[in-house]
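Colleague: next one to model:
(chains A and B)
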Amino acid sequence: GAVVSQHPSRVICKSGTSVKIECRSLDFQATTMFWYRQFPKQSLMLMATSNEGSKATYEQGVEKDKFLINHASLTLSTLTVTSAHPEDSSFYICSARRTGSRGSNQPQHFGDGTRLSIL
Amino acid sequence: SQKIEQNSEALNIQEGKTATLTCNYTNYSPAYLQWYRQDPGRGPVFLLLIRENEKEKRKERLKVTFDTTLKQSLFHITASQPADSATYLCALDLYSSASKIIFGSGTRLSIRP
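Modeller: Okay, the predicted model is just below:
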């Protein structure tokens, strides 16, 4: 159990394009999902916390107008990189925690990431 | 400033030996500490969680210790195998934050046959 599906796995597109990435929890409900960015040989950097039915909480330095997050249901969160530029090229990973596990004693379950390349 | 450091960027050991990875943190008070495995081009996979009031946790060939005085966790893989080669990430689960966890930079472990 606890499978998180992320789609697409790879995107290559031109500068100025907007790209949408989906994150789905397949066999559990997730009130909260997380979006990370990872550069080569570096750790995961939390970008934002996605809350079902409310606005996302962005980490310091992350532009909310650039990285639009929507969490419309208990099993789906989307990240849209608007007007993407080459510097937005990175590995984006989502994760989810089971609903009701706010007590911080539950692990996060990760998707397999999206490799975004902006030409 | 707050830091999570995994001391070795890379660790190379002989198959069959015990691999020991270190995670140190400063200016955090985590309630829980987690270890994840990440393979190239994939998302992290949860391995073990240890609470602040636990000294040691085991799961099959894995062992984690947590010393809140030293602000350090050690992650051991006994009888290591080439299939254990991956990047291992420690993560702090902060009591004061709603749900988020903070990751260390990872240690790339290579087990040679």
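
Colleague: burial count for residue 65?
Modeller: Unless you meant another one, I'm taking chain A. Summarising burial for residue A:65: neighbours were counted as other CB atoms under 10 Å in any protein chain shown, giving 7. In short, each C-beta sits where N, CA and C put it, glycine included.

Colleague: my bad, chain B
Modeller: Around residue B:65 sit 18 other residues, with neighbours defined as other CB under 10 Å.

Colleague: sheet partners, orientation included, of the helix or strand containing it?
Modeller: Following DSSP states H and E, one finds residue B:65 within strand B:62-67. Strand B:62-67 pairs in its sheet with strand B:56-59 (antiparallel), strand B:72-77 (antiparallel), by DSSP bridges.

Colleague: how about the secondary structure of the residue of chain B found nearest chain A?
Modeller: Distance from chain A to each residue of chain B (CB to the nearest CB) is smallest for residue B:43, at 3.3 Å. Assigned by DSSP: H, G, I helix; E, B strand; the rest coil, the conformation of residue B:43 is coil.

Colleague: deepest-packed of the strands paired with strand B:62-67, please.
Modeller: With neighbours taken as mean count of other CB atoms under 10 Å in any protein chain shown, the strands paired with strand B:62-67 reach their highest mean count in strand B:72-77, at a mean of 20.

Colleague: okay, it in CSV with CA atoms only?
Modeller: These are the backbone C-alpha positions of strand B:72-77, laid out as CSV (Å, rounded to 0.1, in the frame of the first residue of the first chain):
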residue,chain,number,x,y,z
GLN,B,72,23.3,12.5,15.8
SER,B,73,21.8,9.4,14.2
LEU,B,74,23.8,6.5,12.9
PHE,B,75,22.4,4.2,10.1
HIS,B,76,23.9,0.7,9.8
ILE,B,77,23.5,-1.9,7.1
